[in-house]
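> everything below, folded, please.
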Amino acid sequence: MRKLMLGILVLAAAGGLVAQEFKFDGYFNSGLGIVSTNTKVPDGTDTKTADIKLVPFGVDSEQAGYRVRLNGSYTNAEGTVGTKLRLQAQSKFDLGALSIPYIYGWVSFLNKRITVNGGLVDDGTWNSGGFLNDDTGEGLGALVKISPFADLNLGVGVYVITPKGGGDNNIIEVPAGSAASTASSSDFSSIDIPPDRIKYTLNAGYTLPDLFKATVSYRTQNQTGDRISRYDDANSEVFAGSETAKLIFGFQLMAVQNLTAVVEAELDKLEDTGVDKEKDNVDFNLYETIGYKIGNLSFGLNAVQYLKFEKDVDHDVGLHFNPWVSYAMGSIVPRLDLNYFRAGTALTKSGVNPLPGVKYHRKVFAYSDNGDTDDLSVFALRPSVKFNVDKNTAIEIGDLITFANGPEGAFADAEDPKKSSNLNNVFYIDLVWKF
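Numbering: from 1, shown residues only. Got it, this is the predicted structure:
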């Protein structure tokens with residue numbers, strides 16, 4: 001396995017050896033958020049409302065913190081050899097500061113009908129452009145793309161690491177004493193993972209220009225996304241912290257100008273289906289992304305339906321609806337987002353620290369299945385205004401209000417153990433600077 005990984009990294013470096021120059025771009029994103037909640041916390045012999053918190057805020061990084069990215073790329077004059085890389089600094093407080101989301105080389109053969117990618121790959125060929133974003137085209141390994149004729153793309157991938165979005169398993173630098181530092185997260189050469197735990201992917205996509213794009217992707221069950229237990233081969237039958245087997249379908253309509261229309265579906269946890277009926281436990285998620293632009297007016301809807309099927313277990317159906325509207329007045333763009341999530345909750349829900357997941361904004365919501373009839377639900381309102389200072393700089397001011405509701409005790413705090421609802425507010429100012 002180590003020889004395989006060495007070969008992969010050599011291929012990634014090969015493109016760089018050919019390169020005479022790189023093109024660079026990137027951006028910086030951060031700001032400030034004022035977070036408040038009606039959660040009661042202990043205060044000696046009394047209770048009080050949790051303190052208002054002033055935290056770093058990044059709209060794009062979708063968490064309490066910041067994000068800095070530096071992207072580099074090179075393609076030779078013939079378009080047959082190239083490299084891509086990304087360095088990222090993204091604060092998550094308990095994790096490292098710097099990670100490498102991708103760095104890989106690629107070489108094309110036979111009039112570009114075959115392309116071999118090697119290294120820390122991130123290829124979005126089979127993304128549908130909708131609400132769903134998956135990892136079937138990324139990881140430390142090799143990806144072979146085949147285009148037998150124009151607009152048809154087939155792919156086969158083999159990966160030994162799937163980098164996580166926050167960088168917690170591909171960190172270059174970790175804080176002293178961090179739990180992540182015990183995982184040798186950045187030492188790719190130390191990974192010794194057996195073939196049955198590697199991630200294998202199959203992809204197919206067909207695009208009919210100006211009409212539609214259709215994609216299908218499959219990944220096997222694997223342990224490549226876990227940064228600690230992947231080193232433990234004591235029991236080859238255990239996939240602690242692993243990724244499940246998943247099948248994804250996507251369809252994007254491109255026939256109508258100014259219309260974005262994408263439907264995606266995923267079948268998850270397929271590893272036991274049809275093998276052991278006692279373990280049948282399949283998740284089916286359906287995603288719809290619709291947007292339309294008329295002059296300066298833009299509006300749309302993001303929606304997701306979460307269904308879990310498990311023998312002898314009743315699961316809640318998750319329904320997430322996010323209608324939005326914006327209107328551009330020159331460089332000023334006001335926007336309004338509404339969110340309703342049945343069998344869902346806001347990650348800023350309760351506790352002594354009202355930000356247990358340090359995530360909010362677009363990723364504030366999560367499917368939360370109780371397995372009974374007392375569903376959790378959350379409603380959110382987010383007005384915002386973006387000021388486009390110039391083509392590279394934008395400032396956004398907004399306010400995210402979330403109201404979560406659930407069964408008795410769902411939001412218990414120091415004052416009321418039967419509390420069934422919670423109110424949170426995040427007022428923020430955010431800056432994005434591209435370079």
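> what helix or strand does residue 289 sit in?
Per DSSP states H and E: residue 289 is located in strand 281-294.
> in that strand, which residues are buried?
For strand 281-294, the neighbour count (16 or more other C-beta atoms under 10 Å) marks 281, 283, 285, 287, 288, 289, 290 as buried. Where C-beta positions appear, they are placed from N, C-alpha and C, glycine not excepted.
> so which helix or strand takes in residue 210?
In the assignment (DSSP H and E), residue 210 maps to no helix and no strand.
> now it: phi and psi?
Note on residue 210: its backbone torsions stand at phi 70, psi 10 [degrees, to the nearest 10].
> and it, how many neighbours?
The local packing of residue 210 (other C-beta atoms under 10 Å) involves 9 other residues.
> contacts only, for the closest residue to it other than its chain neighbours.
The spatially closest residue to residue 210, leaving aside those adjacent along the chain, is residue 254, at 5.8 Å (C-beta to C-beta, 6 or more residues apart in numbering). Taking C-beta atoms under 8 Å, 6 or more residues apart in numbering, we find residue 254 in contact with 209, 210, 211, 212, 213.
> what helices and strands are in contact with the strand holding residue 289?
strand 259-268, strand 297-310 (3 or more C-beta pairs under 8 Å, 6 or more residues apart in numbering; DSSP states H and E).
> now the angle from it to strand 259-268?
Angle, strand 281-294 to strand 259-268, by axes from the mean of the first three to the mean of the last three C-alpha atoms, to 10 degrees: 170 degrees.
> strand 281-294 pairs with which strands, parallel or anti?
Counting by DSSP bridges, the strands paired with strand 281-294 are strand 259-268 (antiparallel), strand 297-310 (antiparallel).
> distance of the closest residue to residue 335 other than its chain neighbours from residue 332?
What sits nearest to residue 335 in space, not counting adjacent residues and going by C-beta to C-beta, 6+ apart, is residue 326, at 3.9 Å. To residue 332, residue 326 is 11 Å away according to C-beta to C-beta, to the nearest Å.
> give me the more crowded residue out of these two.
Using other C-beta under 10 Å as the criterion, residue 326 and residue 332 rank with residue 326 on top: 18 against 11.
> break down the stretch 251-400 of the chain into its strands, ranges please.
Along the stretch 251-400 of the chain, counting by DSSP state E, counting those that start in this stretch, strands occupy 259-268, 281-294, 297-310, 318-327, 332-342, 344-346, 365-367, 377-390, 393-405.
> go through the ones you listed and pick out the most buried.
With neighbours taken as mean count of other C-beta atoms under 10 Å, the strands of the stretch 251-400 of the chain reach their highest mean count in strand 344-346, at a mean of 25.
> what about that strand, average pLDDT?
Model confidence over strand 344-346, given as mean pLDDT, is 72.
> next up, the contacts around residue 89.
Contact analysis of residue 89 by C-beta under 8 Å, 6+ apart lists 66, 67, 68, 97, 98, 99.
> and the least confident of those residues?
On pLDDT alone, residue 97 ranks lowest of the contacts of residue 89, at 61.
> could I get the contacts of residue 254 in CSV, plus columns for pLDDT and distance to residue 36?
Formatted as CSV, the contacts of residue 254 follow (pLDDT from 0 to 100; distance: C-beta to C-beta, whole Å):
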residue, pLDDT, distance to residue 36
209, 90, 50
210, 91, 48
211, 95, 49
212, 95, 46
213, 95, 43
